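Peer 1: Task: produce atomic coordinates for the following.
(one chain, ligands or ions: 2)
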Amino acid sequence: MEITTLENDTSKVIRVLLVDDEANYRKAVARRLERRNMVVSQASDGTACLEYLGGNETDVVVLDMKMPGMSGMETFNSIRKYYPGLKVIFLTGNAALTEGVEGIKAGAFDYLAKPVEIDHLAGKIRQAWELKRLEEGRERDKIFRRRLEKRMIHTQRLASLGTMSTGIAHEINNPLAIIKESTGFLRMVIEDSGQIPEKEMLFKGLEKIENSVDRAGRITHQLLGYVRKQGHELTPVDIRGLTEDTVALIKQKTQAKKVSVEWAREPEHEMRMHTDPFQVRQVLINLLENAVDAVDTNGQIRLALYRKAQSVCLEVRDNGCGITPENIEKIFDPFFTTKPNVAENESGTGLGLFVVHKIMTGLSGSIHVESEPGRGTTFKICLPEWQSDSTITNS
Ligand SMILES: Nc1ncnc2c1ncn2[C@@H]1O[C@H](COP(=O)(O)OP(=O)(O)O)[C@@H](O)[C@H]1O
Ligand SMILES: [Mg+2]
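Peer 2: Ligands and ions are numbered 1, 2, ... in the order given. Just a heads-up that it's a prediction; the model follows:
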């Protein structure tokens, strides 16, 4: 258990900057405020005040209105402009009531007339500080909520795109099958008929059609997923074994590039969970293939597998090219790819992560990505240890 005492909690110390040109007066007030548990810094004029604020976290500024050089009001205007969250309390001359009121109108927290009663000043400083903390808390909430909303919109958009693209993929599969069959038929006819001019050219054309059909087929295949055929098959799974089998599945790809795939930390000998092995394998294949694409020859992929609360987490870390902050927002979008998009090329459909996201949502899991351009990327997926039919979302 963690115990926090008031004295030790630095967030509860009020940092005050006292700005006054009368040195003796300033020092006396500072000393007395410090005795009331505040950290007080001092500045003799407006310029020194702004200079200090540039490099030091401050909560409340106590500002003399009447100073030689930059006036209190001018200093205040700069503070408002550059440090809008700061609270300012004005000190005015005895008879200068209108000045103080003007200060409040301009946005100061309050004003006190000199000579100030020290407890009165300390009380005002505390109130100003509390207001500042409250406002900061609200601002943090607002930022948090905005981020959450953005993420939710993104997830919803991907979910509906998932449903739509699965439908389209399904519809496109039939015409694709017909085109494929027809090319086979044409090939046969051409082969069998004796004297057709430019036979070779015709075969070349057919080959191009076949390659493109294959590529389109790969796309629909990815969208529908192997999973579709198996349905949701929830069974006990040895996730460690499944991971190692999947790594073996893409051995051709890793060996061709001399990429090493190893455990960063040896997991428990066997790790049991209850989930859909086909979908999880699909996720793993997509993440591993991306990692292989991202690294140079002799690159490294490190895996980690561990339990966390009621979840099983798996990390795929590579030391490849990384993802720019600008692209990281888009990687889960369908058809977003930075890879060359050649018809015959297997890579670069931009569907891998989209499918990963779709599957993870369906399995009530989560996915996180961290990346540093030039250094590498880590994808982390977490799945419920026990997946039951009722928690599955169909997409
Ligand atoms: N491990 C990774 N390292 C660097 N970039 C990655 C990684 N994984 C994904 N990406 C980026 O995300 C994009 C989308 O990935 P994905 O959806 O699998 O489509 P594809 O692999 O077909 O391009 C990739 O083109 C690449 O820019
Ligand atoms: Mg991919």
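Peer 1: wait, is residue 63 part of a strand?
Peer 2: Yes: per DSSP: H, G, I helix; E, B strand; the rest coil, residue 63 lies within a strand segment.
Peer 1: what pLDDT does it get?
Peer 2: Residue 63 is assigned a pLDDT of 96 by the prediction.
Peer 1: check contacts around the residue in the chain that ligand 1 sits nearest to.
Peer 2: In the chain, the residue that lies nearest ligand 1 is residue 352 (2.4 Å; C-beta to the nearest ligand atom). Glycine gets a C-beta too; all of them are placed from N, C-alpha and C. Taking C-beta atoms under 8 Å, 6 or more residues apart in numbering as the criterion, residue 352 is in contact with 222, 286-287, 289-290.
Peer 1: go again using 7 Å as the cut-off
Peer 2: By C-beta atoms under 7 Å, 6 or more residues apart in numbering, the contact set of residue 352 is 286, 289-290.
Peer 1: JSON lines for those residues, including distance to ligand 1 and neighbour count?
Peer 2: Formatted as JSON lines, these follow (distance: C-beta to the nearest ligand atom, whole Å; neighbours: other C-beta atoms under 10 Å):
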{"residue": "286", "distance to ligand 1": "6", "neighbour count": "21"}
{"residue": "289", "distance to ligand 1": "7", "neighbour count": "16"}
{"residue": "290", "distance to ligand 1": "3", "neighbour count": "22"}
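Peer 1: ok, and which of these reach ligand 2?
Peer 2: Contacts with ligand 2 within the contacts of residue 352, as defined by C-beta under 5 Å from the ion: residue 290.
Peer 1: possible to save the contacts of residue 352 as JSON lines with distance to residue 365?
Peer 2: Shown next, in JSON lines, are the contacts of residue 352 (distance: C-beta to C-beta, whole Å):
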{"residue": "286", "distance to residue 365": "14"}
{"residue": "289", "distance to residue 365": "19"}
{"residue": "290", "distance to residue 365": "18"}
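Peer 1: Around ligand 1, pick out the residues from the stretch 201-350 of the chain.
Peer 2: For the stretch 201-350 of the chain, the contact set with ligand 1 under C-beta under 6 Å from any ligand atom comprises 286, 290-291, 294, 318, 320-323, 327, 331, 336-339, 347-350.
Peer 1: could you redo the last one with a cut-off of 8 Å?
Peer 2: Taking C-beta under 8 Å from any ligand atom as the criterion, the stretch 201-350 of the chain approaches ligand 1 at residues 286-287, 289-291, 293-294, 316, 318, 320-323, 327, 330-332, 336-339, 347-350.
Peer 1: Just the buried subset of the residues you listed, please.
Peer 2: 286-287, 289-291, 293-294, 316, 318, 320-323, 331-332, 337, 348-350 (16 or more other C-beta atoms under 10 Å).
Peer 1: Enumerate the residues of this structure near ligand 2.
Peer 2: Checking the chain against ligand 2 by C-beta under 5 Å from the ion, the hits are 290, 352.
Peer 1: Show the contacting residues for the closest residue to residue 219 other than its chain neighbours.
Peer 2: Distances taken as C-beta to C-beta, 6 or more residues apart in numbering place residue 349 nearest to residue 219, at 5.4 Å, with adjacent residues excluded. Each residue near residue 349 by C-beta under 7 Å, 6+ apart is listed here: 218-219, 222, 337.
Peer 1: Okay, now stretch 220-239: how far is its last residue from its first?
Peer 2: This stretch, stretch 220-239, spans 27 Å end to end (C-alpha to C-alpha, to the nearest Å).
Peer 1: Now, the residues of the stretch 201-350 of the chain next to ligand 1 that are in strands?
Peer 2: 316, 318 (DSSP state E).
Peer 1: how about residue 111, secondary structure?
Peer 2: Classification of residue 111 using three-state DSSP returns strand.
Peer 1: shouldn't it be in contact with residue 103?
Peer 2: Yes: between residue 111 and residue 103 there is a contact under C-beta atoms under 7 Å: 5.2 Å.
Peer 1: who touches both of the two?
Peer 2: Common neighbours of residue 111 and residue 103 (C-beta under 7 Å, 6+ apart) are residue 90.
Peer 1: Which strand residues bridge residue 274?
Peer 2: With DSSP bridges as the criterion, residue 274 is bridged to residue 236, residue 386.
Peer 1: number of nearby residues for it?
Peer 2: Residues near residue 274, counting by other C-beta atoms under 10 Å, number 14.
Peer 1: Next one: it relative to residue 386, how far apart?
Peer 2: Here residue 274 is placed at a distance of 5 Å from residue 386 (C-beta to C-beta, to the nearest Å).
Peer 1: cool, residue 322 as well?
Peer 2: Plainly put, residue 322 is 35 Å away from residue 386 if you go by C-beta to C-beta.
Peer 1: And the strands in the stretch 151-300 of the chain, which stretches?
Peer 2: Here the stretch 151-300 of the chain has its strands, by DSSP state E, counting those that start in this stretch, at 235-238, 260-263, 272-275, 300-308.
Peer 1: Output these as TSV; include the columns mean pLDDT.
Peer 2: What follows is the strands of the stretch 151-300 of the chain, written out as TSV (pLDDT from 0 to 100):
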stretch	mean pLDDT
strand 235-238	92
strand 260-263	96
strand 272-275	93
strand 300-308	96
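Peer 1: okay, those strands, which one's buried deepest?
Peer 2: Mean neighbour count (mean count of other C-beta atoms under 10 Å) peaks for strand 272-275 among the strands of the stretch 151-300 of the chain, with a mean of 18.
Peer 1: Find out how far that strand is from the centre of the chain, if you would.
Peer 2: 28 Å (C-alpha atoms, centre = their mean, to the nearest Å).
Peer 1: what does stretch 251-269 give?
Peer 2: Per C-alpha atoms, centre = their mean, the centroid offset for stretch 251-269 relative to its chain is 27 Å.
Peer 1: Ok, stretch 311-327 next?
Peer 2: Its chain's C-alpha centre and that of stretch 311-327 lie 11 Å apart, by C-alpha atoms, centre = their mean.
Peer 1: how long is that stretch from one end to the other?
Peer 2: One end of stretch 311-327 sits 29 Å from the other (C-alpha to C-alpha).
Peer 1: avg pLDDT for it?
Peer 2: Averaged across stretch 311-327, pLDDT comes to 96.
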